[in-house]
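**Q** Structure for the following, please:
(one chain, ligands or ions: 1)
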Amino acid sequence: MQPPTDGPAPHAPVPPVRYLVFSASLRRGSLNTQLAGLAARVIGSNGGHVDVAAMADFDSPSFDFDVLEESGPPPGARELDRRLLASDAFVIASPEYNASIPGALKNAIDWVSRFNPQPFNERHGLLLSASPSMAGGNRGLWSLRIPFEHLGARIYPDMFSLAQAHRAFGDDGRIADAQLQQRFETNIANFMSLVEASKNYPCIKTAWIEHLGEHPEPVIDRVQAG
Ligand SMILES: Cc1cc2nc3c(=O)[nH]c(=O)nc-3n(C[C@H](O)[C@H](O)[C@H](O)COP(=O)(O)O)c2cc1C
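**A** Numbering: from 1, shown residues only. Have a look, this model is predicted:
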């Protein structure tokens, strides 16, 4: 059958939205890895393309500027950079260590922050945490926002922290409390709507400058024109 000759043009196919999902825990049996797995399932069932990674893929020796200058970034940092660049957005489920960011994750962020283009810039991020505690590791996520915001990532306002996570999961890997599972799914669906809208309607921000209000000084400036 011939397509109609008048009326609105058919919609162009919408490109898939790609999500990098990983847990920042290196531990076997990690609660955050369970939560990251659940996030990946929810994203997939909402039509997102998911790349599930493990923190072990990105784990790197402690950041050292001399090593960077002499031999370049380590394989783990290069892998995180590559997979971020292949994605539109990232989702991290991170443990809280001593009310803050796990060292392995902060170290990976520090390495990757030296790449050009700097891959966190303008990328959307959703932060999740799981902890046996009553606060679910939420304080760690507030710390984690800081380097990401600094690097130009667009961190979603709602961060999901699963309290008493050691008893929160059912045998099917979902959150056993139906209301909480529903909140988790809604949080992810809302994040996905924002990422999709942003991918199709790009924002006007065109440059990343490490310290916008600082007097320009070529020796220390880190500026990326859009
Ligand atoms: C070094 C260390 C520090 C921790 N600090 C906190 C903390 O500040 N807040 C918290 O809720 N849990 C804390 N915990 C407990 C972790 O939340 C718990 O071990 C959790 O299961 C770690 O995440 P994972 O299961 O994904 O590995 C800490 C654990 C370790 C090993």
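
**Q** mind checking how far the worst-scoring helix or strand of the chain on mean pLDDT is from the chain centre?
**A** Among the helical and strand segments of the chain, the one scoring lowest on mean pLDDT, DSSP states H and E is strand 208-209, with a mean of 86. Centre-to-centre, strand 208-209 and its host chain are 19 Å apart (CA atoms, centre = their mean, to the nearest Å).

**Q** Close to the ligand: what parts of this structure are there?
**A** Contact residues (CB under 6 Å from any ligand atom) of the chain with the ligand: 25, 27, 30-32, 95-99, 131-133, 137. Backbone N, C-alpha and C define where each C-beta goes, glycine included.

**Q** Give me the buried subset of those residues.
**A** Ser25, Ser30, Leu31, Asn32, Pro95, Glu96, Tyr97, Ser131, Ser133, Gly137 (16 or more other CB atoms under 10 Å).

**Q** I'd like to know which elements the helix or strand just after the least confident helix or strand of the chain is packed against.
**A** Scanning forward in sequence from strand 208-209 by DSSP states H and E, the next helix or strand is strand 223-224. In terms of contacts (3 or more CB pairs under 8 Å, 6 or more residues apart in numbering; DSSP states H and E), strand 223-224 is packed against strand 208-209.

**Q** who does the strand it packs on pair up with?
**A** Strand 208-209 pairs in its sheet with strand 223-224 (antiparallel), by DSSP bridges.

**Q** Please list the residues outside the strand it pairs with that contact it.
**A** Contact with strand 223-224 is made by Asn116, Pro117, Gln118, Asn121, Ala207, Trp208, Ile209, Glu210, as judged by CB atoms under 8 Å, 6 or more residues apart in numbering.
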